[in-house]
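>>> Provide a 3D model corresponding to the input given below.
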Amino acid sequence: MDNIQKFLADAQRIKKHYRAEHQNYDGIKVCEQIRDHFEKINRAAPGLAQSFGQYWLDSYIYKSRDPANEPSDQNLGKITALLALLESGDATSQDLEALDAADWKEIKDLVNYEAEDLPIDLLNDLMMVIVGKVSFD
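Below you'll find the predicted structure:
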């Protein structure tokens, strides 16, 4: 099982445990726990993981039309694509296909903001992927 599949299994486990422990399901709180887990497993770039996790919550969860039923499969796809990007610079196009042009623009800005705190190899890998996805105006 690769890290992406493990993360998805962990997200499902978080949802399951929340349902077992609480009378009413709260998709926002579940997503916040998933974001916390996302940040915890990305130790190589904790600042960037935190920025990516908050971006995911702000852009897709807090603005959801159905927050009570989050995370949707589509929104889990977004955060797993962000994980794939952080996990390796050679993430496949399939790993990243959930990210659209607006996501790539925000990713570029977040990476630029966090650049001085990133390991140089990770920064190089991220920039190689980003250059292929975003136009730099």
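>>> against the centre of the chain, work out the most remote residue.
The centre of the chain is farthest from one residue, Q23, which by Cα atoms, centre = their mean lies 27.7 Å away.
>>> can you tell me the SS state at that one?
Assigned with DSSP: H, G, I helix; E, B strand; the rest coil, Q23 falls in the coil class.
>>> state the distance from it to L57.
As for Q23, its distance to L57 is 24 Å (criterion: Cβ to Cβ, to the nearest Å). All C-beta atoms are positioned from the backbone trio N, CA, C, and that covers glycine.
>>> could you do D109 as well?
In terms of Cβ to Cβ, D109 sits 17 Å off from L57.
>>> more crowded one of the two?
For D109 and L57, the more surrounded residue by other Cβ atoms under 10 Å is L57, and the numbers stand at 20 against 13.
>>> out of the helices and strands in this structure, which is least certain?
Within the chain, no helix or strand scores below helix 93-96, which has a mean of 82 by mean pLDDT, DSSP states H and E.
>>> on contacts alone, who are the packing partners of that helix?
For helix 93-96, the elements it packs on are helix 73-87, judged by 3 or more Cβ pairs under 8 Å, 6 or more residues apart in numbering; DSSP states H and E.
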